[in-house]
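Asker: Model the structure of this input:
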Amino acid sequence: MPDYEILDLGDFPLLSGDVLKDAKLAYQTYGTLSPARDNVIVLPTFYTGTNSRNEGFFGPGRAIDPAKHFIVSPNLFGNGRSSSPSNTPAPQDGPRFPLVEMWDNIAAQHRLIHDHLGIEQIALVAGWSMAGCQSYQWAAQYPDMVQAILPFCASAKTSPHNFVFLEGVKSALCADQNWNSGNYTSPPEAGLKAFGRVYAGWAFSQTFYREHLYRQLGFETIEDLLQDWEQDHVQGWDANNLLAKLATWQAGDISAGPLYNGDFQAALKAIKARAILMPCTQDLYFPPEDNEIEARHMPNAIFRPYDSPWGHCAANPGNDPGFTAQLDASIRELLED
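Answerer: Residues are numbered from 1 along each chain as shown. Here you go, the predicted structure:
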């Protein structure tokens, strides 16, 4: 059985005015839709994630359980499963792949969930990092459809500092002489290694390194961890795919588009969903201050930070059992309301 299914979207109009030709949305479902069609949970994918990676956020006895819930996990455009620079034919291949914004991803996911699967109500949209950003987008773009959201280590709008962080990792990749403006004939391995090495400094907190917590991941030294991050990006990711999703991330703003025309506070106030915002206090690029500001303007939001030296990677399944416990407790709280 394949890891995912494909929904053909045809020529898909984008917020930019461009059109993604012959667009394809990869997704997977888990569990069974209830007769009342009221047990739907949407788990979008994060930056270096796929629907398969999302399987670490649910399971038997967990707050999200396929025995009770119908879980839909759609893949971001650019992640190598949905339409991406690496799998799109000319003239939109490689660096010619158009900008796909959060709005576009959620519009495509709405086509999947509402039009294709025939679902009218979503009990919960949740996710880590870029997946959490999509949960905000869902609630702002389709406020009458989403009953609850739980973004963790995420934000409703990419902050200026987050934007600059992303410029740093992008620049490290593009400095490779083999990058060739995205028209590489073989992977720009030096750039991919640099990307991974720079990213590792942001993914965990200062405390994580000071207290040698990388040893809990099986690395004896910091250099061991850095080399692992290098190889993960060389072996696991196409460079153009990484940059396509990075562009989506940098453009992240729930008020972009015709509904709110850039009025961020209006977009937040329009969210009807019950929400628990769960940042990690030591996350270096999604700091809790952003969520605290958002919660002030959202009618039904609880701001619930979690302190962890694991930083952004506190949410990665298996890293911080305390984070996982709070996440599951918060999901149960939202689903039981």
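Asker: Please state the offset of the one helix or strand Cys133 maps to from the chain centre?
Answerer: Applying DSSP states H and E as the criterion places Cys133 in helix 130-141. In this view, helix 130-141 has its centroid 9 Å away from the chain centroid, taken as CA atoms, centre = their mean, to the nearest Å.
Asker: what's whatever helix or strand comes next after it packed up against?
Answerer: Sequence order places strand 148-152 as the next helix or strand after helix 130-141, per DSSP H and E. For strand 148-152, the packing partners by 3 or more CB pairs under 8 Å, 6 or more residues apart in numbering; DSSP states H and E come out as strand 124-128, helix 130-141, strand 274-277, helix 321-336. All C-beta spots, glycine's among them, are computed from the backbone N, C-alpha and C.
Asker: Reformat these as a markdown table; add distance to Leu7, mean neighbour count and mean pLDDT.
Answerer: Putting the helices and strands packed on strand 148-152 into a markdown table (distance: least, CB to CB, whole Å; neighbours: other CB atoms under 10 Å; pLDDT from 0 to 100) gives the following:
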| stretch | distance to Leu7 | mean neighbour count | mean pLDDT |
| --- | --- | --- | --- |
| strand 124-128 | 18 | 29 | 98 |
| helix 130-141 | 16 | 29 | 98 |
| strand 274-277 | 27 | 25 | 98 |
| helix 321-336 | 26 | 17 | 98 |
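Asker: among those, which is nearest Phe264?
Answerer: Distances from Phe264 to each of the helices and strands packed on strand 148-152 were compared using CB to CB; the shortest belongs to helix 130-141, at 9.8 Å.
Asker: Find the nearest non-adjacent residue to Ala270, please.
Answerer: For Ala270, ignoring the flanking residues on the chain, the nearest one in space by CB to CB, 6 or more residues apart in numbering is Pro143 at 5.5 Å.
Asker: which residues sit in contact with that neighbour?
Answerer: For Pro143, the contacting residues are Ala270, Ile271, Lys272, Ala273, by CB atoms under 8 Å, 6 or more residues apart in numbering.
Asker: To Ile302, which of the helices and strands packed on strand 148-152 lies closest?
Answerer: When those are compared for distance to Ile302 using CB to CB, the nearest one is strand 274-277, at 4.8 Å.
Asker: List of residues touching that closest one?
Answerer: Outside strand 274-277, the residues within contact range by CB under 8 Å, 6+ apart are 139, 147-151, 291, 294-295, 298, 300-304, 330, 333-334, 337.
Asker: So which of the contacts of Pro143 wins on neighbours?
Answerer: Counting neighbours by other CB atoms under 10 Å, the top entry in the contacts of Pro143 is Ala273, with 26 neighbours.
Asker: mind checking the longest strand of this structure?
Answerer: Among the segments of the chain that qualify as a strand by DSSP state E, the longest is strand 19-30.
Asker: residues of that strand that come out buried?
Answerer: Buried residues in strand 19-30, counted by 16 or more other CB atoms under 10 Å: Leu20, Ala23, Lys24, Leu25, Ala26, Tyr27, Gln28, Thr29, Tyr30.
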